[in-house]
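Colleague: Quick one, what's the 3D model for this:
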Amino acid sequence: MTTSLLKKSLSNIWQRFVKVISRLNEMMSTSALLIYYLLGINVVTFVLYGADKIKSKKGWWRITEKTLLMLAIIGGSMGALCGIRLFHHKTKHKKFYLGVPILLAIQITLICYFQFICS
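Modeller: Next up is the predicted model:
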């Protein structure tokens, strides 16, 4: 019985989420949505890199490297790069000090391509 209630609740939440997104899409252009998304994901990524640095110094439970890299992949590469540089965090790992700048270059290239060439 609780499983069906959970499914019903998740379904209602999903429907509300879809309505909110469709209203946002009606109110704003795709470019504005992209800008807000990128600002949000980069702030979250930057904060998590800082939090992970603090946790590493205190010996606390850490944010996984997989999570930190995934945030960079889904658009938070600028926040990740700023976190790496400002907090001096993950500077000895090639996948961070080489991978994140490469991701940022790819993301900038894709944004420019879709904004200027495809439009």
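Colleague: for the protein, longest helix please?
Modeller: Looking across the chain with DSSP state H, the single longest helix is helix 30-58.
Colleague: hang on, isn't Asp52 packed against Ile63?
Modeller: Yes. With contact defined as CB atoms under 8 Å, Asp52 counts as touching Ile63 (4.3 Å). Yep, even glycine has a C-beta here, placed from its N, CA and C like the rest.
Colleague: thinking again about what came up before, got the buried residues for the longest helix of the chain?
Modeller: Leu38, Ile41, Asn42, Thr45, Phe46, Leu48, Tyr49, Gly50, Ala51, Asp52, Lys53 (16 or more other CB atoms under 10 Å).
Colleague: Which helix or strand contains Leu71?
Modeller: helix 65-71 (DSSP states H and E).
Colleague: Can you read off the pLDDT for Leu103?
Modeller: Per-residue pLDDT puts Leu103 at 95.
Colleague: wait, what's in contact with it?
Modeller: With contact taken as CB atoms under 8 Å, 6 or more residues apart in numbering, Leu103 is in contact with Ala72, Ile73, Ser77, Ala80.
Colleague: and the third one, what element?
Modeller: Following DSSP H and E, one finds Ser77 within helix 77-87.
Colleague: Residues in contact with that helix: which ones?
Modeller: 38, 41-50, 53, 68, 71-72, 89-91, 96-97, 100-101, 103-104, 107.
Colleague: Distance from it to the middle of the chain?
Modeller: 12 Å (CA atoms, centre = their mean, to the nearest Å).
Colleague: before we move on, the earlier item: give me the average confidence score over the helix holding Leu71.
Modeller: 94.
Colleague: which residues touch it?
Modeller: 41, 44-45, 48-49, 52, 79-80, 90, 93, 95-96, 99-100.
Colleague: which of these lies closest to Phe116?
Modeller: Ile41 (21.7 Å; CB to CB).
Colleague: Find the residue ranges of this protein scoring beneath the pLDDT cut-off.
Modeller: 1-3, 5-7, 10, 24-28, 118-119 (pLDDT under 70).
Colleague: With Glu65 as the reference, measure out to Trp46.
Modeller: Let me fix one detail, which is that residue 46 is Phe and not Trp. Applying CB to CB, to the nearest Å, the value for Phe46 to Glu65 is 16 Å.
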